[in-house]
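Student: quick one, fold the following:
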Amino acid sequence: MGLYSLPRTARLLKAGDFAALRGKSKRISVRHFLAEFSPNEQATCRLGQAVSRRVSKRAVDRNRIKRLVRESYRHVRSELPCVDILMIARTSAVRTTSADLREDLANLWKKLAALKVTSGTGTMRG
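Tutor: The predicted model follows:
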């Protein structure tokens with residue numbers, strides 16, 4: 001697979017993964033998105049998306065937002081720490097242009113990349 005591919009291992013697919021993430025996550029937000037993240041034991045970061053019918057009743061609008069998030073994630077996933085990310089779209093994302101959404105996502109990825117994410121399974125050294 002290429003550098004900018006999006007294999008199954010780079011996505012959250014199981015309901016249990018989403019539930020575990022919702023229970024122990026931290027949050028980062030930008031204008032049109034909220035990202036919940038938590039460290040994982042994988043060799044890469046993984047992305048899950050939640051674009052509910054509350055955001056838009058029209059499937060075409062929800063799918064446009066999800067496509068933009070996936071495309072943006074594909075280009076930056078190699079720079080992100082090993083975390084599980086749940087991307088939640090806000091209702092304002094529907095009325096926003098694609099260019100503004102890409103800019104918003106770029107800001108979010110920068111915030112995530114700057115984090116020093118550590119898992120809670122380490123030991124203290126004195």
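
Student: ok, H75 - contacts?
Tutor: Listed by CB atoms under 8 Å, 6 or more residues apart in numbering, the contact partners of H75 are Y4. Glycine gets a C-beta too; all of them are placed from N, C-alpha and C.

Student: hmm, 10 Å instead?
Tutor: Taking CB atoms under 10 Å, 6 or more residues apart in numbering, we find H75 in contact with 3-4, 105-106, 109.

Student: pLDDT and distance to V60 added to the residues you listed, as CSV?
Tutor: Listed next are the contacts of H75 as CSV, based on pLDDT from 0 to 100; distance: CB to CB, whole Å:
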residue, pLDDT, distance to V60
L3, 68, 30
Y4, 75, 25
L105, 97, 19
A106, 96, 24
W109, 96, 25
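
Student: output the helix or strand hosting D61 as PDB, nothing but the C-alphas.
Tutor: If you go by DSSP states H and E, D61 is part of helix 59-76. The C-alpha trace of helix 59-76 is given here as PDB (Å, rounded to 0.1, in the frame of the first residue of the first chain):
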ATOM      1  CA  ALA A  59     -27.200  11.600   3.400                       C
ATOM      2  CA  VAL A  60     -25.400  13.400   0.700                       C
ATOM      3  CA  ASP A  61     -24.400  16.100   3.100                       C
ATOM      4  CA  ARG A  62     -23.200  13.600   5.800                       C
ATOM      5  CA  ASN A  63     -21.300  11.700   3.200                       C
ATOM      6  CA  ARG A  64     -19.500  14.800   1.900                       C
ATOM      7  CA  ILE A  65     -18.300  15.600   5.400                       C
ATOM      8  CA  LYS A  66     -17.100  12.000   5.900                       C
ATOM      9  CA  ARG A  67     -15.200  12.000   2.600                       C
ATOM     10  CA  LEU A  68     -13.500  15.300   3.500                       C
ATOM     11  CA  VAL A  69     -12.400  13.900   6.900                       C
ATOM     12  CA  ARG A  70     -11.100  10.600   5.400                       C
ATOM     13  CA  GLU A  71      -9.200  12.400   2.600                       C
ATOM     14  CA  SER A  72      -7.600  14.800   5.100                       C
ATOM     15  CA  TYR A  73      -6.700  12.000   7.500                       C
ATOM     16  CA  ARG A  74      -5.100   9.900   4.800                       C
ATOM     17  CA  HIS A  75      -2.500  12.700   4.200                       C
ATOM     18  CA  VAL A  76      -1.600  13.300   7.800                       C
END
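
Student: cool, thanks, signing off.
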